[in-house]
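> Got a predicted model here, sequence first, then my questions.
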Amino acid sequence: EVLSGVVVITSKDTVQHQGISLTMEGSVNLQLSAKNVGVFEAFCNTAKPIQIINSTIEMVKPGKLPSGKTEIPFEFPLQMKGNKVLYETYHGVFVNIQYTLRCDMRRSLLAKDLTKTCEFIVHSLSQKGKLLPSPVDFTITPETLQNVKERASLPKFLIRGHLNSTNCVITQPLTGELVVESAEAAVKSIELQLVRVETCGCAEGYARDATEIQNIQIADGDVCRGLPIPIHMVFPRLFTCPTLETTNFKVEFEVNIVVLLHDDHLITENFPLKLCRM
Amino acid sequence: MCAYTNWSAVDSALGMLRALSAVKEMHARARNYVSESEVCKLESVPLDFGDYHPLKPITVTESKTKKMTRKGSTSSTSSSSSSSMMDPLSSVLDGTDPLSLFAAAADPVTTAPPTDGARRKRDKDESSAVGSDFEPWSSKRGEILARYTTTEKLSIVSGKATTTGSAVSEKVRTRLEELDDLEEGSQKELLNLTQQDYMNRIEELNQSLKDAWSSDQKVKALKIVIQCSKLLSDTTVIQFYPSKFVLITDILDTFGKLVYERILSMCVDNRVSLPDNFSPESVNDTAKETCLNWFFKIASIRELIPRFYVEAAILKCNKFLSKTGISECLPRLTSMIRGIGDPLVAVYARAYLCRVGMEVAPQLKESLNKNFFDFLLTFKQIHGDTVQNQLVVQCVEIPLYLTLYSPAIDWILQCIAYHAPDCCDDALLLNSVMSAFRAEFIAARSMDFIAMIKECDESGFPKHLLFRSLGLNLALADPPENDRLQILNEAWKVITKLKNPQDYINCAEVWVEYTCRHFTKREVNTVLADVIKHMTPDRAFEDAYPQEKFLPFLDMFQKESVRVEVCKCIMESFIKHQQESTKDPVILNALLHICKTMHDSVNALTLEDEKRMLAALINGFIKMVSFGRDFEQQLSFYVEARSMFCNLEPVLVQLIHSVNQLAMETRRVMKGNHSRKTAAFVRACVAFCFITIPSLSSIFTCLNLYLHSGQVALANQCLSQADAFFKAAVSLVPEVPKMISVDGKMRPSDAFLLEFLCNFFSTLLVVPDHPEQGVLFLVRGLLNVIQDYTWEDNSDDKIRIYTNVLHLLSAMTQETFIYHVDKVDSNDTLYGGDSKFLAEINKLSETVVSQILDHLKTLGKEETLKRQSQLAHYFFNTIVAHGDLRNNRLNQLSVNLWNLAQKHGFADTKTMVKTLEYIKRRSKQPDMSHFTDLALRLPLQSRT
C-alpha cells in the first residue's frame, strides 16, 4: 500500500533549503512492567525496540521554495524491513506499536533543520477466511467456582448463559445472554470486564500483564430470576486490536463476567476472546 | 349320493298307536354334507377381501417431500453502522496521550457552526412525527409532578462545575474512567434537600448542561447527563421517584436534542441543510464519525442505567448512521432494561424508551409490546424480598407503592394502543393485562373491561379468550355488588353466541363458577340450560373433552340430576359424532368419568327406561374404545369398566360380548394358532366372561352368554373352559322360570327355552367328549335336565325338543360332521365311527323315540287330537329328512305317522300335498327309488 498526502510549507518569504525528505518509521516498543521486575530494572531493561519499517525518500532536491503556501504531494510505498510483518498500530501499556512519518527539511548550517513528525495508523487488512463463530455456554454455580475458601458459606446460586461467539470481529459487539436462574442472595450487579493481556518475552524472561480496559455493567440490582439479560459490549476502539501473537510479544483479550452479590461475594467467570478484523 | 346305512330295525306297525309305541329305534340316514351342500348351495361369488390383512407386515410408503430450504432473508443491516466506521485509532491525531484524544474526538463537533434555520425546521418535523391525537408527554408531565410529591428530605450527588483539565496530568488514567466519575474532589453529596430544593438543583444541572454545551465543553455536558441519569437508579424516597423521573428525563431530552442538532448542523454542505427525511447516504463522513464517536463514548459508560438513558436520549442520532439503526437499537435497549433489577426503575426506563421510541419511530410497535411483556414477566418481582425489604425500610405500603407504577404503565399502554394497526394488539394487551394484574383490580373494573372487550374487533384476538380471562379473574375476586348481574348479562350475551363449542365451553366453564358464587338457583339454572343447549348434539364438540378443565366444570353441576343430564348429552353426541374408535387416554379418562357419573346416578328408584338409556350410552362408549393391536390394554380397560359399571347389566353384557369379540379377534390375528402368550390371553378373556356371567340376573341372558362364551372358548381351543361354560348352562336350565318378563309383560318362557335348547344342541354336535366323562356326557346331561324340567302340562315343547334331539343324534352318526370348529377335533374324529359310540347314540335315540311315541299316545283324547296331528306330522318330517327309509320298520312308522296326522282331519291339506310332492321329487334323485314306494303308500285324505 501507499501512504500518500501533502507536505504543506508556509512561509512569509522564500525559503532556501538543502532538500526535503520523508522518513517512515515503524517499531514495536516493549516495556517491562514494574510489577515483574524491580522498579529500577523497569527503567533500564526496557527491551530494545524492534524496528519494523524504516525508509526514507527524498521529496525535493535542495533549492528554494516560493513564499506563501506550498503544497508538495507525495506517495510513499509501505515496505517492510526484511521479512518483518506489518503489525497494526497499537498503544498499550507495555506494548506499543507505532508508525511515524517524519518530514525533515535540511537547511544550511546557519539555520536549524526543521522536523515535523506525524503518526500514521496502520490497519491490517481484513483477515482472510470466514470467522467461525465459537459459541460458549456457561453455567456458574458454587460448585463450578475455583479459589473458594469456604464453599459452605457460599449462598446457592445458578447462573446460566452463553456468549454467541468468543471469536469476535473487533467492530462488532460481543453478544450473548445471561440468566440468573436462582440466587439465594440478592444480586447487586453484573458486569462485563474486558481485560487485555500483554505478554512480553525477552532475554530476561517474559512478563505477563493484564489491564482492565473496559467495564460494562449489564445488570444493576436484584434482577428478575429466569429472565435472560443481554450481554452486549462494544469493543473500545482505542484499546483493542486484533489478537496478536508473535515470538516476542502477545496481545490477548479476555472477558470476565463478574457477578456481585449483596453479601459482597464476587463471582468471576473468565472467557478468553480472539479478536480479529474482518 | 345318499348312502343309506342300516341303523336299526324298527318294529313296524301293528295298529297305528300300538305300532308307534313299538318303534323304539331310529335309523338315521347317512349324509354326505359336502355333496349335499354342493347341490343346494347358491352359486358362489368370490369375495374380494381387499389388501387388508392383520398379519401383513406394515409397509410404509415413503413419501419424500422435497425440503424447501427457506433461507431467511436476513437484512444485513447490522453491519451498516460498523462498516462505515473508520479505524478506531484514526482519531488519534497527535501524540500518544489517550486523554488528549477525547478533545480531538469532540473537536469536529465544535467546529461546525449550528444553523438556526435547520434547527427550526427540524423542530417542526419532530413534532409532526406523531399525530396530534396522541396525548403528548408534556401533558402527563405536569400531572405526575403534581401527584408524586414528598415531604422527605432528598439528597443529590453532583459535580461542582469545574473545568476538566485537571485530569489530564494522570497519564495512565483512561478517559473512560473519567467519564464515569466526575473528579472526586468536585463531587459532593447534598443532603437534606427539600423537594423544591431538589427540583431547583436539577434545573440548575439542566442549565449547566446547556451552558457547558454552548461553551463547547462536550465532555462536561456528557458528564452532567450521566450524573443525572445515575440519579434514576436511586430509589430512596421512592414516592418521589416518578417526579424525579420527569425532571431528569427533561435533561436527557435536552441533551438528546443538542446532540442531534449538532450533528445535523455538521451535515450542511454548501450551506444547504439536509431535507427532513434525509437518508444516511447523504450524511457526510465527518458527521457520521462524530455520531459514531458519541455512540462509542456512550457504549463505554460503566453503569447500566446511565448508559441506557443516555443512549436512549440520542436514539434519534441513529438516523445519521443507517436506516435500520433505530429499529435495531430499540429491541436491544428493550432487552437491556432486563438488567435493571429494581422493577420500578425498570418500568420507568421502559416508559422512557417507549416515549423516545414513539417520538423517533412510532411505526416500530414490536419493541413497545416487548417492553410491556417484559414488564409483565418481571411483575412478580414486586412481591420479591428485595422490593419488600425496601418498602419496609421506607415505610411505604404496597398499595401506595403500586400506584407509583401507574404513570409508567399508563404511558407504555398509551404508546402501544396509539394507532394500533388492528385491534388484535389491543385485545392481546387487554388479555395480558387481565392475566397479569391481580384479580381484585380487574374485578373492580370489570364493567370497563367488558366495554373494552366489546369494542374489540371481531377479526383480531379471539374475544372468547378475553371473556375467559375476565371470568377467571372474577372467579377469584368479587366485582362490586351492583355490577354483578349486569356483568353476567353482558358477558353471557357474547358467550352464548359463540359458535365453536370448544370456545364456548372454555368460556362457559369459568363463568359458571362466577354465576354459582353470586347468584341464586334461577340464574345458575339459566346458565346451565344454555350450556346444555350448546352441548346438545349436532355439535362436534368432542374436541372439547380433552380440556383439562372439562371435568371440574362438570363437577360444578352440583345437582346430580342436572349433571347426569349433561353427561347424557355429552355421551349422546359423542356416540353420534365420533367416527373412529379412540384410545386417547385423555378422552378415555374424561368419558370414563362421565360414564361413571351416569352410572353412579343409578339407584333403586331409577326407572328401567332410564337405566336402559344410560346403559345404551355407556355401551356406545365402550364400543368406541379400541386400543388397536394392544389387546392386553383393551382387556384391562374392560376389566376396569366392569368394576365401574357393575350396576348396569346391559353394560356387563356388552362387556362380555366385547371380551368375546376380543378373544375372537386374537384368534383371527393368530390365524387360529395361538402362541403360548396369546393362549394365556385368550384364557384370561374366557375367565373374564366366566366370572362375569353369574352376576347377571336374567336367566336367559346368562344361558345365551354361557353358550356364546362356550363357543368362543371352543373356537380358541380352550376345551375345558368350554366344557365349564356348557356345564354351567346345563345346570342353569332347571332354574328357567315358567314365565319371564319381556318388555314389562309376563310371557311364558318356553318359546325362548326351545330356541335356546335347539341352539345349544347344535353347538353340542361339535363339542368333543371329555375323556374322563362318559360318551355324550353333555347331551345326556341336557336330556336329563329336559326330562326333569317341569313343562307346562298342555305343552308339546318337550317333544319338539326331543324331535330336534333326533336331528342332532342323526348328525352325530355321520362319518364326518356337517360342521367343525377349526383346530378342534370333534367326536367324529375322536371316535372315528366306532361301533360302540354308534351303539350309544342308537340307545339314546331309542329312548328319545319311545318318549315321543309315548307322548303321541297320550294325545289321543278329543281335545288334543289337533296337537297329536301336528306332532305326528312334525315327527314324520324328521324321519323323512333324517331317517333311513329303506329300513322297513322305519318306513312303516313313517306311513303310520302320516296316517295319524291325517286321521282326525286336523291336518292341513295344503301342507300334506306339499309334503307328498316333496317326497315324489326326492324319489327322482338317484338312490332314492324307495321314496317312490313310500309315496305310493301315503294316501292323501280329502277333507270332505
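Everything's here; your move.
> Leaving out sequence neighbours, find the closest residue to B:I412.
B:C354 (5.1 Å; C-beta to C-beta, 6 or more residues apart in numbering or on different chains). Every residue, glycine included, has its C-beta placed from N, CA and C.
> Would stretch B:401-409 count as contacting chain A?
No: against chain A, stretch B:401-409 shows no contacts by C-beta under 8 Å from any C-beta of the partner chain, the least distance being 15.0 Å.
> my guess is A:E71 meets A:T10, correct?
No: if you go by C-beta atoms under 8 Å, A:E71 and A:T10 don't touch, sitting 9.7 Å apart.
> Spit out the contact partners of the nearest residue to B:E649 once chain neighbours are set aside.
Excluding its sequence neighbours, the residue lying closest to B:E649 (C-beta to C-beta, 6+ apart) is B:L696, at 5.5 Å. Shown in contact with B:L696 (C-beta atoms under 8 Å, 6 or more residues apart in numbering or on different chains): B:649, B:652-653, B:702, B:705.
> Over to the closest residue to chain A within the stretch 151-300 of chain B: give its phi and psi.
In the stretch 151-300 of chain B, no residue comes nearer to chain A than B:A299, which is 3.8 Å away by C-beta to the nearest C-beta. Phi and psi for B:A299, reported as degrees, to the nearest 10, are phi -60, psi -20.
> Quick check: it vs B:S869, distance?
Separation of B:A299 from B:S869 (C-beta to C-beta, to the nearest Å): 119 Å.
> ditto for B:I786
23 Å.
> repeat for A:L30
From A:L30 to B:S869 the distance is 137 Å (C-beta to C-beta).
> Could you do B:L757 as well?
24 Å.
> More neighbours: the two, which one.
B:L757 (24 against 21; other C-beta atoms under 10 Å in any protein chain shown).
> so what's that one up against?
Counting by C-beta under 8 Å, 6+ apart, B:L757 has contacts B:733, B:782, B:786, B:801, B:804.
> Make JSON lines from these and add distance to chain A to it.
JSON lines is the format used below for the contacts of B:L757 (distance: C-beta to the nearest C-beta, whole Å):
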{"residue": "B:V733", "distance to chain A": "74"}
{"residue": "B:L782", "distance to chain A": "77"}
{"residue": "B:I786", "distance to chain A": "81"}
{"residue": "B:I801", "distance to chain A": "82"}
{"residue": "B:N804", "distance to chain A": "81"}
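> For these, work out which two are farthest apart.
Largest separation among the contacts of B:L757 by C-beta to C-beta: B:V733 and B:N804, giving 14.8 Å.
> which bits of the stretch 101-250 of chain A sit near chain B?
Counting by C-beta under 8 Å from any C-beta, the residues of the stretch 101-250 of chain A close to chain B are A:118-119, A:121, A:123, A:170-173, A:186-187, A:190, A:213-224, A:227-230, A:232-234, A:236-240.
> how about a cut-off of 7 Å?
Taking C-beta under 7 Å from any C-beta of the partner chain as the contact definition, the stretch 101-250 of chain A meets chain B at A:119, A:121, A:123, A:171-172, A:186-187, A:190, A:214-224, A:227-230, A:232, A:234, A:236-238.
> Helices - which of those land there?
Assigned to helices by DSSP state H, none of those qualify.
> Write the PyMOL selection for whichever of those are buried.
To isolate the buried ones among these in PyMOL, judged by 16 or more other C-beta atoms under 10 Å in any protein chain shown, type:
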select buried, chain A and resi 119+121+123+171+172+186+187+190+214+215+216+217+218+219+220+221+222+223+224+227+228+229+230+232+234+236+237+238
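> Excluding chain neighbours, what is closest to the residue in the stretch 251-400 of chain B positioned nearest to chain A?
Nearest residue of the stretch 251-400 of chain B to chain A: B:G341, at 2.5 Å (C-beta to the nearest C-beta). Counting by C-beta to C-beta, 6+ apart, A:G221 is the residue found nearest to B:G341 once chain neighbours are left out, at 2.5 Å.
> For that neighbour, give me its contacts.
With contact taken as C-beta atoms under 7 Å, 6 or more residues apart in numbering or on different chains, A:G221 is in contact with B:340-342.
> neighbours of B:A312, just the number please.
B:A312 is flanked by 27 other residues according to other C-beta under 10 Å.
> these two touch, right, it and B:A351?
No: applying C-beta atoms under 7 Å as the test, B:A312 and B:A351 come out as separate, 10.8 Å apart.
> where in the stretch 151-278 of chain A is pLDDT low?
A:151, A:201-206 (pLDDT under 70).
> could the contacts of B:L757 go into TSV alongside neighbour count and secondary structure?
What follows is the contacts of B:L757, written out as TSV (neighbours: other C-beta atoms under 10 Å in any protein chain shown; DSSP: H, G, I helix; E, B strand; the rest coil):
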residue	neighbour count	secondary structure
B:V733	19	helix
B:L782	22	helix
B:I786	20	helix
B:I801	22	helix
B:N804	18	helix
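> got a markdown table for the residues you listed, with pLDDT too?
Below are these laid out as a markdown table (pLDDT from 0 to 100):
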| residue | pLDDT |
| --- | --- |
| B:V733 | 87 |
| B:L782 | 88 |
| B:I786 | 86 |
| B:I801 | 87 |
| B:N804 | 87 |
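> what are the ranges of the helices in the stretch 1-150 of chain A?
For the stretch 1-150 of chain A, applying DSSP state H, counting those that start in this stretch gives helices covering A:39-44.
> Low-confidence bits of the stretch 1-150 of chain A, can you list those?
For the stretch 1-150 of chain A, applying pLDDT under 70 flags the ranges A:32-48, A:81-84, A:125-131.
> Okay, strands next: where are they in it?
Ranges of strands within the stretch 1-150 of chain A are A:2-11, A:15-17, A:20-30, A:50-60, A:63-65, A:68-77, A:90-91, A:95-105, A:114-120, A:136-140, based on DSSP state E, counting those that start in this stretch.
> With distance to A:K149 added, can I get those in JSON lines?
Output for these, formatted as JSON lines (distance: least, C-beta to C-beta, whole Å):
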{"stretch": "strand A:2-11", "distance to A:K149": "56"}
{"stretch": "strand A:15-17", "distance to A:K149": "71"}
{"stretch": "strand A:20-30", "distance to A:K149": "37"}
{"stretch": "strand A:50-60", "distance to A:K149": "44"}
{"stretch": "strand A:63-65", "distance to A:K149": "73"}
{"stretch": "strand A:68-77", "distance to A:K149": "60"}
{"stretch": "strand A:90-91", "distance to A:K149": "38"}
{"stretch": "strand A:95-105", "distance to A:K149": "35"}
{"stretch": "strand A:114-120", "distance to A:K149": "48"}
{"stretch": "strand A:136-140", "distance to A:K149": "18"}
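> re earlier: list phi and psi for the residue lying closest to the residue of the stretch 151-300 of chain B closest to chain A once chain neighbours are set aside.
Nearest residue to B:A299 in three dimensions, chain neighbours excluded: A:V234, at 3.8 Å (C-beta to C-beta, 6+ apart). Here is the backbone geometry of A:V234 (degrees, to the nearest 10): phi -80, psi 130.
> Much appreciated, bye for now.
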